[in-house]
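Peer 1: dropping the sequence and predicted coords here.
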Amino acid sequence: MTKITGSPEDIVQALDVSYRMAVDALTAALQAYLRRGETPDPEARAKGLFCYPELVIGYNPDGPPPPISRAFGKMSEPGTYVTTITQPDFFRRYLVEQLRPLLNDYEVTVEVRRSSQEIPYAYVWEQGHADGLDEISPAELARWFPSPRLGDIGDEIADGEMFHAGTQRPLALFDGLRTDFSLKRLKHYTGTSVDSFQRYVLFTNYHRYVDAFCDWGLRQLGGATRYQKLCVSGGRDFTEDTVEARAEIESLPGRRYQMPAYHLTAENGSGITLVNIGVGPSNAKNITDHLAVLRPECWIMVGHCGGLRHSQAIGDYVLGHAYLRDDHVLDAVLPPDIPIPPIAEVQMALQQSAAEVTGDRGDALKRRLRTGTIATTDDRNWELRITDSALRFNQSRAVAIDMESATIAANGFRLRVPYGVLLCVSDKPLHGELKLPGAANKFYERSISQHLKIGVATLEKLAHEGAALHSRKLRSFAEPPFR
């Protein structure tokens, strides 16, 4: 155990040293097993040879905690706050951001020690370049090395199940095991390195938005803007806009991935990531479950919807203010009777950006931009039960229907990530305006570029607000100090 009395940077450095020692030991053991058949020393494992570092913050004030109003970086109760940490160097900016207010405003003790939570071998495999391990069965490797066990990985902290009477409390929403689990999944689903992900995230449900984002992203390169490079699904980075670059993006295998990601990077991860999540609430929950461990500043959805009001026109926008959660994918962990509040900063940025990009103001903007409830369904063929659907829409006053928005917003609420939704009306099924191929192509050509620009402009506005974006309405009375 190492007691730290220095700066947040010193604490992160101590965590990184401990983590690297564990990774090096595990990598060396894997190589020794592969090359010479040597198995790890059980006694060394019992002493924590392969374990994550653990960050321990003690807070025992003489009186009550000070009434600090910010959304994170505060202690709600005295006690010992603990979490395991993975890849401290990768999370350095985030960890320093979380530690600084705690050290500044509270009398705390900080310790870094080896935990009892072992790093699964699969999470350091690439770092160790242990070629040949894929020829050995996972069951054989699990006999000698730590392996992922689902019983040790979960969202109990985020779902409020880990706060109980006692002195030891969680320091963060996600521990080392849960974080590493998602980092691996992100690469698998998106086809890009986690190093490329930015802190401001756009979701879409159509690949045409990807094309528009890549076209726009390439134009930002070359030094005239704050953006540095465009990292695309399939493993290629671009630093300048050329005809060859756009053609190469088209040829890359990015579309083979289930939810391909595209990253326009900027300093300190302040750029924009676009993820094409495809269609359906299952995909929406899947990607947000995993992205949440990166602790993004915000995520918003820009996609298509069915307009439910006669006054709407194809190409109009819907700014989600509430959600009818007929997606059901989160019901077990976030019951549908729990309200999902709009995040004021995000709503204002979306509306302001819509006005700036479209050029509409006042009544003209109101005619084009409808604020209201979005119904999210898990049934793509809801139209075949129109009697039941119409009653549901009438009772809820929904103005649009899609298959992802409520899931994106609800999981943002659940996992404490600010969220927002701006959809574009692509058809009006209740009013006989169906999305037929010819009309659809004209709609796509006209609307997608403008819609994407609104989403990008919104995230650029939010990037200037920093910590003010993190609303206290996402936090309960008993929260981990880290956001």
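Peer 2: Okay, I see it.

Peer 1: kindly report the domain assignment for this structure.
Peer 2: With domains defined by automatic domain parsing, the chain comprises 2-185, 190-473.

Peer 1: okay, strands next: where are they in the stretch 51-200 of the chain?
Peer 2: Using DSSP state E, counting those that start in this stretch, the strands of the stretch 51-200 of the chain run over residues 51-59, 79-84, 108-118, 168-170, 200-204.

Peer 1: list the buried residues of the shortest one.
Peer 2: This points to strand 168-170. Arg169, Pro170 (16 or more other Cβ atoms under 10 Å). For glycine as for every other residue, the C-beta is placed from the backbone atoms N, C-alpha and C.

Peer 1: about what we covered before: and the strands of the stretch 51-200 of the chain, which one averages the lowest pLDDT?
Peer 2: Of all the strands of the stretch 51-200 of the chain, strand 168-170 carries the lowest average pLDDT, namely a mean of 91.

Peer 1: closest to Phe482 out of the domains of the chain?
Peer 2: Phe482 sits nearest to domain 2-185 of all the domains of the chain, at 4.1 Å, using Cβ to Cβ.

Peer 1: pLDDT-wise, which helix or strand of the chain ranks last?
Peer 2: In the chain, the helix or strand scored least confidently by mean pLDDT, DSSP states H and E is helix 125-128, which has a mean of 63.

Peer 1: tabulate the strands of the stretch 51-200 of the chain in CSV, adding columns for distance to Pro341.
Peer 2: Rendered in CSV, the data for the strands of the stretch 51-200 of the chain read as follows (distance: least, Cβ to Cβ, whole Å):
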stretch, distance to Pro341
strand 51-59, 29
strand 79-84, 27
strand 108-118, 31
strand 168-170, 24
strand 200-204, 19
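
Peer 1: check these for me and report the most buried one.
Peer 2: strand 200-204 (a mean of 26; mean count of other Cβ atoms under 10 Å).

Peer 1: which elements pack onto that one?
Peer 2: In terms of contacts (3 or more Cβ pairs under 8 Å, 6 or more residues apart in numbering; DSSP states H and E), strand 200-204 is packed against strand 272-276, helix 281-291, strand 298-307, helix 437-463.

Peer 1: who wins for proximity to Ile85 among the ones you listed?
Peer 2: Distance to Ile85, taken as Cβ to Cβ, is lowest for helix 281-291 among those, at 17.9 Å.

Peer 1: other SSEs contacting the closest one?
Peer 2: helix 176-190, strand 200-204, helix 405-414.

Peer 1: mind listing residues that contact that helix?
Peer 2: 155, 182-183, 185-186, 189-190, 197, 201, 203, 258-259, 275, 277, 299, 327-330, 376, 378, 403-404, 406-408, 411-412, 415, 417 (Cβ atoms under 8 Å, 6 or more residues apart in numbering).

Peer 1: for the strands of the stretch 51-200 of the chain, which one sits closest to Glu244?
Peer 2: strand 200-204 (25.5 Å).

Peer 1: pLDDT weak spots in this protein?
Peer 2: By pLDDT under 70, the low-scoring segments of the chain are 1, 126-134, 162-167, 254-255, 432-445, 466-468.

Peer 1: residue boundaries of the helices in this structure?
Peer 2: 8-36, 42-46, 92-105, 125-128, 138-144, 176-190, 207-219, 243-251, 281-291, 344-358, 362-368, 386-396, 405-414, 437-463 (DSSP state H).

Peer 1: related to what we said a few turns ago, any idea which of the helices and strands packed on helix 281-291 is most buried?
Peer 2: helix 405-414 (a mean of 27).

Peer 1: what helices and strands are in contact with that helix?
Peer 2: Here helix 405-414 touches helix 281-291, strand 298-307, strand 317-326, strand 369-377, strand 419-427, going by 3+ Cβ pairs under 8 Å, 6+ apart.

Peer 1: among those, show me which one is buried the most.
Peer 2: Mean neighbour count (mean count of other Cβ under 10 Å) peaks for strand 298-307 among those, with a mean of 26.

Peer 1: okay, the angle between that one and strand 272-276?
Peer 2: Comparing the axes of strand 298-307 and strand 272-276 via axes from the mean of the first three to the mean of the last three Cα atoms, to 10 degrees yields an angle of 40 degrees.

Peer 1: just give the number of residues close to the closest residue to Arg93 other than its chain neighbours.
Peer 2: Spatial nearest neighbour of Arg93, excluding adjacent residues (Cβ to Cβ, 6 or more residues apart in numbering): Asn268 at 6.0 Å. By other Cβ atoms under 10 Å, the residues close to Asn268 number 9.

Peer 1: next: Lys74.
Peer 2: 18.

Peer 1: pretty sure it is touching Tyr59, no?
Peer 2: No - using Cβ atoms under 8 Å, Lys74 is not in contact with Tyr59, being 10.3 Å away.

Peer 1: ok so, going back, of all the helices and strands packed on helix 405-414, which one is nearest Asp215?
Peer 2: Here strand 298-307 is closest among these (Cβ to Cβ), at 15.4 Å.

Peer 1: and the closest one, which strands flank it?
Peer 2: strand 200-204 (parallel), strand 398-402 (antiparallel), strand 419-427 (parallel) (DSSP bridges).

Peer 1: got a list of contacts for the second one?
Peer 2: So that's strand 398-402. So strand 398-402 is in contact with 205, 303-309, 312, 318, 320, 324, 370, 372-377, 382, 392-393, 423, 425, going by Cβ under 8 Å, 6+ apart.

Peer 1: what comes up buried for that strand?
Peer 2: Ala398, Val399, Ala400, Ile401, Asp402.

Peer 1: CA-only coordinates of it, as PDB, when you get a sec.
Peer 2: Provided in PDB are the C-alpha atoms of strand 398-402 (Å, rounded to 0.1, in the frame of the first residue of the first chain):
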ATOM      1  CA  ALA A 398     -46.500  11.600 -28.800                       C
ATOM      2  CA  VAL A 399     -45.400  13.700 -31.900                       C
ATOM      3  CA  ALA A 400     -43.000  11.200 -33.400                       C
ATOM      4  CA  ILE A 401     -42.100   7.500 -33.300                       C
ATOM      5  CA  ASP A 402     -38.800   5.700 -33.700                       C
END
